[in-house]
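>>> A predicted structure for the sequence below; I have some questions about it.
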Amino acid sequence: QVQLLESGGGLVQAGDSLRLSCAPSERTFSSYAMAWFRQPIGKEREFVVALKLSGGSTWYADAVKGRFAISRDMAKNTLYLQMNSLKPEDTAVYYCAAGPRYSVLRASYSYWGQGTQVTVSS
């Protein structure tokens, strides 16, 4: 079973930037879409952004639009989430996901990472 391996989380102050990375355990792994979700403590996992790998279409949640940017390095087969102007409400465990549908729904994604903690202090 392919695993998605996230990295890059940490503790930052409000207004700072952070970049998360996600790479599959098998270098040749590919999917139709990839996405980032996040789960604040005590809350449900929520959609952040999705990327359709063919064509590069993106879909951002309103809460992060204009501050976060998803990208992919094809040579490294690595997905990134650049997070700028971070706010305390961005604090959550961030999950990378991959699947056969370009969607905001968790159920559309078959593969998930273990999550990486992002904490933004005020």
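Looks like it came in fine. These figures come from a predicted structure and were not determined experimentally.
>>> going forward, measure contacts between C-alpha atoms and count neighbours the same way
Fine.
>>> neighbours of E89, how many?
E89 has 13 neighbours, counted by other C-alpha atoms under 10 Å.
>>> so what's it up against?
V120 (C-alpha atoms under 8 Å, 6 or more residues apart in numbering).
>>> what helix or strand does the most centrally placed residue in the chain sit in?
What sits nearest the mean C-alpha location of the chain, by C-alpha atoms, centre = their mean, is W36, with 2.5 Å. W36 is part of strand 33-39 when elements are defined by DSSP states H and E.
>>> packing partners for the next helix or strand after that strand?
Using DSSP H and E, the helix or strand that follows strand 33-39 in sequence is strand 46-52. Strand 46-52 makes packing contacts with strand 33-39, strand 58-60, strand 68-73 when contacts are defined by 3 or more C-alpha pairs under 8 Å, 6 or more residues apart in numbering; DSSP states H and E.
>>> mind checking which of the ones you listed is nearest E46?
strand 33-39 (5.4 Å; C-alpha to C-alpha).
>>> listing partners with orientation, what would you give for the closest one?
Sheet partners assigned to strand 33-39 using DSSP bridges are listed as strand 46-52 (antiparallel), strand 92-99 (antiparallel).
>>> now these in CSV, with mean pLDDT?
What follows is the strands paired with strand 33-39, written out as CSV (pLDDT from 0 to 100):
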stretch, mean pLDDT
strand 46-52, 98
strand 92-99, 97
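>>> quick one: which of the ones you listed is nearest V2?
The nearest among the strands paired with strand 33-39, by C-alpha to C-alpha, is strand 92-99 at 10.3 Å.
>>> OK, contacts around the residue nearest to I41 when sequence neighbours are not counted?
Distances taken as C-alpha to C-alpha, 6 or more residues apart in numbering put A92 closest to I41, at 6.6 Å, once the chain neighbours are dropped. By C-alpha under 8 Å, 6+ apart, the contact set of A92 is R38, Q39, P40, I41, Q117, V118, T119.
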